[in-house]
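Colleague: please work out how this folds:
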Amino acid sequence: MAKLFSIKEKYSDRIYSKKKLVEFRRQNVNVNRDEFCLIYTSSPIKRITGYFVVKEKIRASLGRLWKLTKDIAGISYKEFQEYFSGCEMGTAIVFKKIQKFSKSIGLNDLRERGNFRPPQSYCNLNDFLMNLFNILIPQKNLSQFV
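Modeller: Presented below is the predicted three-dimensional model:
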């Protein structure tokens with residue numbers, strides 16, 4: 001099942017520049033190897049800007065998680081500690097492929113075509129988002145990932 005992740009602009013920029021090759025989440029995220037994930041770059045951009053394909057998911061203690069991902073994290077150890085403050089475990093989604101779209105989809109476009117609300121963290125792509133994606137960004141066909 002394909003997913004949509006909300007990611008802050010400074011982190012999506014690092015992802016597209018290949019400085020950040022992993023996405024961290026506080027909770028255990030239900031993603032699988034080779035899963036297709038759209039990136040919704042949150043405010044102030046408010047657009048679906050690209051995607052990544054999952055190489056692997058790591059769920060581990062914070063010390064182990066940092067040790068395994070520090071070279072691809074794209075963030076400092078201080079940022080890592082601040083983000084995971086209060087957690088004992090964390091999740092890292094390691095990217096196999098990253099692609100920024102030449103044509104992104106704005107929040108207003110999404111809302112004009114249906115009842116779209118950006119997820120706080122992530123959500124599964126429903127039929128509305130799958131169809132919209134295929135219409136607005138024809139350079140990729142989701143069927144190869146689903």
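Colleague: surely Gly74 touches Lys20?
Modeller: Yes - counting by C-beta atoms under 8 Å, Gly74 touches Lys20, with 2.5 Å between them. Backbone N, C-alpha and C define where each C-beta goes, glycine included.
Colleague: helices along this structure, start to end?
Modeller: 9-16, 62-69, 77-83, 107-113, 127-136 (DSSP state H).
Colleague: joint contacts of Gly74 and Lys20?
Modeller: Tyr11, Arg14 (C-beta atoms under 8 Å, 6 or more residues apart in numbering).
Colleague: before we move on, back to that, Ser43: which of the helices of the chain is closest?
Modeller: Set against Ser43 and scored by C-beta to C-beta, those come closest in helix 9-16, at 7.9 Å.
Colleague: is the closest residue to Ser104 other than its chain neighbours in a bridge, and if so with what?
Modeller: For Ser104, ignoring the flanking residues on the chain, the nearest one in space by C-beta to C-beta, 6 or more residues apart in numbering is Arg47 at 4.2 Å. Listed beta-bridge partners, Arg47: Thr41, Gly106 (assigned using DSSP bridges).
Colleague: nice, that's everything, thank you.
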